[in-house]
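Engineer: Here's my sequence, what's the structure:
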Amino acid sequence: MKNLLDYIGYHKKWHGTVQNWRKPVQFSVNELLIKYIFDTINIKRGNFVEFGAWDGIRNANTRTLFLNGWRGLYIESDETRYKELINNFEKEERIYISNTFIDDKNQLLDDIIGGTINDRIDFMSIDIDGLDVEIFKSINKFLPLVVCIEGGQILEPYHRLVTKEISAKNVQQSLNEMKIIFERKGYTLLCSYQDSFFIKNKFANQFKINDDIFNLYIEGLIAFPRIPYIKRLLEDSKLQNRIIDYIIKDIDKSEFERLVNNGNATDKSLWVDENYNHIRNKLFELKILRESYPYDKYNEALWKKISIN
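Structural biologist: Purely as a prediction, here's the structure:
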């Protein structure tokens with residue numbers, strides 16, 4: 001069975017020429033993966049919610065679902081983007097649009113869904129660049145079958161919960177903390193890179209699932225190696241990710257710091273492209289080294305063994 005992350009579509013900025021074997025996509029890098037998941041559980045048409053929808057087309061995880069006849073709710077708090085949503089969908093009977101700022105206390109996602117689509121939710125996409133997990137935790141009534149949520153790549157996979165103030169800086173939470181939160185609501189982690197995919201437990205046995213958080217995290221970095229971007233977010237919040245530090249420990253530090261602090265998107269893309277083999281090799285090294293410590297859940301013995309300086 002294929003690695004689920006093989007279904008991620010081609011992204012020029014982070015995949016460059018070394019991962020140009022990935023299929024080009026029309027709207028979102030996740031659209032092929034989403035199609036595979038729903039084909040596997042045999043759901044051809046259903047209901048979706050996209051939170052942080054922009055215009056409902058550009059980079060929209062649900063665009064192909066809409067084109068295939070799904071009903072949906074788009075939520076966008078930004079006024080300019082909301083107007084684009086209206087222009088694109090105001091005549092669509094299958095689409096509800098909300099210009100609401102959702103939080104985890106007053107404006108609840110359950111209330112918005114109940115007042116609009118008010119039906120079972122098969123797919124939910126949450127991408128608000130920060131408090132994504134906190135929003136998910138507030139859902140109780142309309143828990144979807146499948147969730148795509150941004151997060152799980154910035155922090156080390158077993159990092160403890162961070163505060164809302166830090167999470168809101170697009171740091172989100174660690175992959176293990178996300179897994180724990182979702183498990184409490186009856187979900188299984190399918191895969192993770194920039195985004196993490198969770199599915200209701202009753203469907204999980206239809207997929208080959210790697211339940212090793214460390215290896216899932218490593219696979220996500222190999223599939224979507226945003227190393228300069230990740231490093232910048234970590235430095236802005238005065239945080240450390242030893243996996244990222246292990247990747248960059250043998251490269252020119254001054255040049256990399258210049259790239260992280262002052263490089264533009266093109267510079268960062270070129271760096272990833274040029275250093276992809278190095279990135280992948282260092283991540284494979286870590287996987288092999290960790291095999292010597294199978295019961296070291298939080299990897300403390302691993303980090304005592306190796307140097308990241």
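
Engineer: rest of the way, CA atoms for contacts and neighbours
Structural biologist: Fine.

Engineer: chain center to the strand or helix carrying Leu65, what's the gap?
Structural biologist: For Leu65, the enclosing helix or strand under DSSP states H and E is helix 63-67. In terms of Cα atoms, centre = their mean, to the nearest Å, the centre of helix 63-67 is found 20 Å from the chain centre.

Engineer: can you check stretch 32-52 too?
Structural biologist: 16 Å.

Engineer: Please apply the same query to stretch 18-38.
Structural biologist: For stretch 18-38 - counting by Cα atoms, centre = their mean - the centre lies 14 Å from the chain centre.

Engineer: Stretch 54-69 now?
Structural biologist: With Cα atoms, centre = their mean as the basis, the distance from the averaged C-alpha position of stretch 54-69 to the chain average is 17 Å.

Engineer: What's the end-to-end length of it?
Structural biologist: Terminal residues of stretch 54-69 lie 20 Å apart, using Cα to Cα, to the nearest Å.

Engineer: The next helix or strand after the helix holding Leu65 pairs with which strands, parallel or anti?
Structural biologist: Proceeding N to C from helix 63-67, the next assigned helix or strand is strand 71-75, under DSSP H and E. Taking DSSP bridges as the criterion, strand 71-75 sits next to strand 47-51 (parallel), strand 95-98 (parallel) in its sheet.

Engineer: looking at those strands, which is closest to Ile247?
Structural biologist: Judged by Cα to Cα, the one of the strands paired with strand 71-75 that comes nearest to Ile247 is strand 47-51, at 33.2 Å.

Engineer: Mind listing what's buried along the closest one?
Structural biologist: 47-51 (16 or more other Cα atoms under 10 Å).

Engineer: Then stretch 250-263?
Structural biologist: Of the residues in stretch 250-263, those with enough neighbours to count as buried (16+ other Cα under 10 Å) are 256, 259-260, 263.

Engineer: Please enumerate residues in contact with that stretch?
Structural biologist: The list of residues contacting stretch 250-263 from outside it, by Cα atoms under 8 Å, 6 or more residues apart in numbering, reads 228-229, 231-232, 267-268.
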